[in-house]
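> Provided below are the primary sequence and the corresponding predicted coordinates.
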Amino acid sequence: MNEQEKKPAMTNERMRAVLIEVLTKYRVAIGLGALAAVTAIIIIIGYSFVQQGRMVKANEVYERGFSLFLQSRRAGNVLEMNQMLNDAVTSLQDAEKKASGTPLSLRAKYFLGNSFYYMKNQTEAVKQLTAVSTHRSFYLAPQAMYDLILISIEGSNYDDALNYGSKFMKAWPKSYLAGEVVMTMSMVERKLNRREKAITLLKDFLKANPDSVYKKRMAERVSLLEARVI
């Protein structure tokens, strides 16, 4: 066998020797690394099971609170309604804590806000609804902001209502509620005797959304405002 034929065999043998040397020298470190990897996998799997269990429990508590909230809207008297709302608040607060940092937590907050509203606790209602409205990608955020507009109008806080309306249109100009928000803002501007502003809001919306389902209603309102009928 010539020298060129011997070299590959010697090289392969040398590589095996080096590998054995490395494994022998660093066997403790390699073993610890493998153990750490296995431990991490076990922890991740365990955490996943814990999280799943937590969310199942949180959802059960949420459903109980949501059901009580719906039942309160059909209560036969104020005493019965308030009792159901109190129980709903307890469950929804528990669900919100258990599901912290998840969409379920935001759903609980939204109905907490509505529960407090019907309990005449506007301060807490505004607090909960504001928290939901700041999560712009959450599906109930536009509704929460619209609720804040209505709560402000109910309390004759017209500047707050217009401020919420402006924030709404910046955040969700194409929302299914956008037309309703503009109609409401126009009504507030008219209530504040700012007729031209009320008209401009409607015309600007129609110009940007010529195919809106609100087209007919807004056009009629513009005509009435311009004719000073309303």
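Alright, I've got the coordinates.

> can you give me the strands in the protein?
Taking DSSP state E as the criterion, the chain carries no strands.

> what stretches of it score poorly on pLDDT?
1-12, 14-53 (pLDDT under 70).

> what about 80?
Counting by pLDDT under 80, the chain contains low-confidence residues at 1-54.

> show me where it has helices.
3-25, 27-72, 78-98, 103-118, 122-133, 141-154, 158-171, 178-191, 195-208, 215-226 (DSSP state H).

> check the offset of the last one from the chain's centre.
The gap between where helix 215-226 is centred and where its chain is centred comes out at 34 Å by Cα atoms, centre = their mean, to the nearest Å.

> could you do stretch 77-88 as well?
Relative to the chain's own centre, stretch 77-88 is displaced by 27 Å; criterion: Cα atoms, centre = their mean.

> please apply the same query to stretch 98-114.
Using Cα atoms, centre = their mean, the offset of stretch 98-114 from its chain centre is 8 Å.

> grab the nearest non-local neighbour of the spatially most central residue of the chain.
Central residue of the chain (Cα atoms, centre = their mean): F138, 3.1 Å from the mean position. Closest residue in space to F138, ignoring its immediate chain neighbours: L106 at 5.2 Å, by Cβ to Cβ, 6 or more residues apart in numbering. (Each C-beta comes from the backbone N, C-alpha and C, glycine too.)

> which residues are in contact with the one you found?
The contact partners of L106, by Cβ atoms under 8 Å, 6 or more residues apart in numbering, come to A131, V132, H135, F138, L140.

> would a markdown table of those with distance to Q93 be doable?
Formatted as a markdown table, the contacts of L106 follow (distance: Cβ to Cβ, whole Å):
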| residue | distance to Q93 |
| --- | --- |
| A131 | 13 |
| V132 | 14 |
| H135 | 18 |
| F138 | 19 |
| L140 | 17 |
